[in-house]
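Asker: I would like the atomic coordinates for the input below:
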Amino acid sequence: MRATRHLDPISFGVIWDRMIATVNEQVAAILRTSFSPIVREAQDLAAALFDTRGRMVCQPVTGTPGHINPLSQAVKNFLAACPLKTLRPGDVLITNDPWLTTGQLLDVTVCVPIFKGSHPVALFACTCHMVDIGGYGPGAGGTDVYEEGFQIPITKLYRAGRPNEDLLRLLRQNVRSPEHFLGDLQSMRTSCYVGGAKLLAMMAEYDLSHIEDMADWILARSEAAQRRAIARLPKGRYTHTTMLDGVDEPVRLAAAVTVGARDIAIDFAGSSPESRQGINVVLNYTRGYATYAIRAALAPEVPNNDGSMAPVHVTAPPGCILNARPPAPTTGRHLVGMFVPLPVLGALAQAAPDRVVAEGAGAVWCVELRGRRRGGRQFTLFLTVSGGMGARPTKDGLNTTSFPSGIAGVPVEIWEVAAPIRVYRKAFRPDSGGPGRWRGGMGQTLEVSVAGEGDWMANMMLDRLRFAAEGYGGGGAGAVGEAALAAGGPLPGKGRVLLKPEARMILELPGGGGYGPPWERDPELVREDVAQGFVTADRARHVYGVTITPALTVDAVETRRLREALAGTS
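Answerer: Residues are numbered from 1 along each chain as shown. Reported below is the predicted structural model:
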């Protein structure tokens, strides 16, 4: 047997690719076997490979920053509670403690030690968003963590390969969809062993006794690359503030980004205090999205692991909304936490305006639907839909794309198979993208109803109904969101609503901000936007200064006159 330090650089590169393949296989196993659409289709999850010191070495190609980055700290917490020397082959650890993992009870984390003979060589871990965890359920309506659902302390789901039947009975009794919940748990456990089998096969092929040297090499290279990217920035302290709807009152996210010679410090002092409602964020989740913003802006090609996260230091005052203390309610934490990159990028824009995107829709819109199928059987469906991404310095923002979360869009057909719902409309929302030299990404319109038996409930988790996504560099703001009934009357951004069987719900999702003055946009791009229905001819004329004829051509003379007037009044 040998250690990886004896290998040549080419072999190192091959082994690195093989390690990435192991975690890709791990997450593929989850996607193929999970029971819940939010895991299987939306890919609201994370998975990763860790060395025996609990350091995250690599992650797969899918996974959200709010899951994968906190997972790094979660495994360290697992090992603090259950040291590796006390674990045996077949042990499986589990928890959903918000302060030890990803910040809400609905996110369940599983960790599995992998043994080569009797010696531990690695750990595989994954986090998945569950449809239900009992208690209040999804949303911001809980008043403390005890009301929000069933808490699982760090414990063993399996002991030496034998299931913890007492824990499984407790879980089965306390969740509304036990078949989905327990099925997803088995999917998570199995996926870790799939990754472990691939890793052991690779180690056998290269006659390796451990992966610690390889982990040292990967993490050192990742950290060095991240530090080089930071070193290229002008040194200084930069600040920015982002405002959100909140529940009872608006929420302020204040970020101060201090760029040093080789490190970046991000401090969220000045942000709003903890809320009485369940939109509070734990520091793990705040740190996850803040570090993601830095890496995405400065060095997106660098692997995401403990090495690349090391130069970014995140702090927030205890008791503020971004560093909530137990027993604060946190189940709706994404409604604030997914906005964390925006003030960070807004501050960074002052140092590197060519590296950041304009503000986008931010948090994914989530609506939990509950009701009864015809015949009386209950159902629960969790809808996730995305607004527009902010424009980039050299490109339009992506339409209906969940930045920064990375949650995938779920096909309408999946929703309609999973539950008795009808989707009447799902389309781009014209004029929702902020105007600019580069247009903000568009939001979408979703019209849906339930075709079940009796009244149905919609649990709303929405934001950006009041505060639009800001444009950068002279770009305009994106459209704010709207939620209403087709028959008339607004719906709340947060909270539960009981609706009649015939009621239709219409969601108008927000768009991303634009980048650069709109009258500098290529007239041909404006013409294409009008032809595709992204921008109306009226907006093209009055905001972009481009006159589009009925034949969908550009009136060059009138456009020149309009643009000269717009530029002169700027």
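
Asker: show me the strands in the stretch 451-570 of the chain, by range?
Answerer: Ranges of strands in the stretch 451-570 of the chain, per DSSP state E, counting those that start in this stretch, are 456-461, 482-485, 494-499, 505-508.

Asker: any chance of those in CSV, with mean pLDDT too?
Answerer: Below are those laid out as CSV (pLDDT from 0 to 100):
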stretch, mean pLDDT
strand 456-461, 95
strand 482-485, 98
strand 494-499, 95
strand 505-508, 98
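
Asker: mean neighbour count and distance to residue 64 added to these, as TSV?
Answerer: Quick note: C-beta positions are derived from backbone N, CA and C, even for glycine. As requested, the strands of the stretch 451-570 of the chain are arranged in TSV below (neighbours: other C-beta atoms under 10 Å; distance: least, C-beta to C-beta, whole Å):
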stretch	mean neighbour count	distance to residue 64
strand 456-461	22	16
strand 482-485	18	24
strand 494-499	16	21
strand 505-508	21	21
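
Asker: any chance of the ones you listed in CSV, plus distance to residue 531?
Answerer: Shown next, in CSV, are the strands of the stretch 451-570 of the chain (distance: least, C-beta to C-beta, whole Å):
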stretch, distance to residue 531
strand 456-461, 35
strand 482-485, 26
strand 494-499, 37
strand 505-508, 22
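
Asker: figure out which of those is closest to residue 203.
Answerer: With C-beta to C-beta as the criterion, residue 203 lies closest to strand 456-461 of the strands of the stretch 451-570 of the chain, at 43.6 Å.

Asker: off-centre distance for the closest one?
Answerer: Taking C-alpha atoms, centre = their mean, to the nearest Å, the mean C-alpha location of strand 456-461 is offset from the chain mean by 21 Å.

Asker: counting by contacts, list what it packs against.
Answerer: Identification of packing neighbours for strand 456-461 by 3 or more C-beta pairs under 8 Å, 6 or more residues apart in numbering; DSSP states H and E yields strand 365-372, strand 494-499.

Asker: residues in contact with the shortest one?
Answerer: Around strand 494-499, the neighbours that count as contacts under C-beta atoms under 8 Å, 6 or more residues apart in numbering are 139-141, 245, 247, 277, 279, 332, 335, 450, 455-462, 485, 491, 505.

Asker: for residue 272, find the nearest of the helices and strands packed on strand 456-461.
Answerer: strand 494-499 (15.3 Å).

Asker: partners of that closest one, with directions?
Answerer: strand 456-461 (antiparallel) (DSSP bridges).

Asker: now the angle between strand 365-372 and the partner strand, please.
Answerer: Here the directions of strand 456-461 and strand 365-372 differ by 160 degrees (axes from the mean of the first three to the mean of the last three C-alpha atoms, to 10 degrees).

Asker: confidence-wise, which helix or strand of this structure is lowest on average?
Answerer: Here the helix or strand of the chain ranked lowest by mean pLDDT, DSSP states H and E is helix 37-40, holding a mean of 85.

Asker: residues making contact with that helix?
Answerer: Outside helix 37-40, the residues that reach it (C-beta under 8 Å, 6+ apart) are 30-31, 34, 44-45, 128-129, 131, 184, 187, 381-382, 384, 410, 414-415, 418.

Asker: in the stretch 451-570 of the chain, where is pLDDT below threshold?
Answerer: The stretch 451-570 of the chain contains residues with pLDDT under 70 at 570.

Asker: circling back: could I get the helices and strands packed on strand 456-461 as a markdown table with distance to residue 178?
Answerer: Output for these, formatted as a markdown table (distance: least, C-beta to C-beta, whole Å):
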| stretch | distance to residue 178 |
| --- | --- |
| strand 365-372 | 16 |
| strand 494-499 | 22 |
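
Asker: and of those, who's closest to residue 312?
Answerer: strand 365-372 (27.8 Å).

Asker: what packs against the helix or strand that comes right after the closest one?
Answerer: Counting by DSSP states H and E, the next helix or strand C-terminal to strand 365-372 is strand 378-385. Applying 3+ C-beta pairs under 8 Å, 6+ apart, one finds that strand 378-385 makes contact with helix 37-40, strand 365-372, helix 412-418, strand 444-450.

Asker: list the neighbouring strands of strand 378-385 plus their orientation.
Answerer: When DSSP bridges is applied, strand 378-385 pairs with strand 365-372 (antiparallel).
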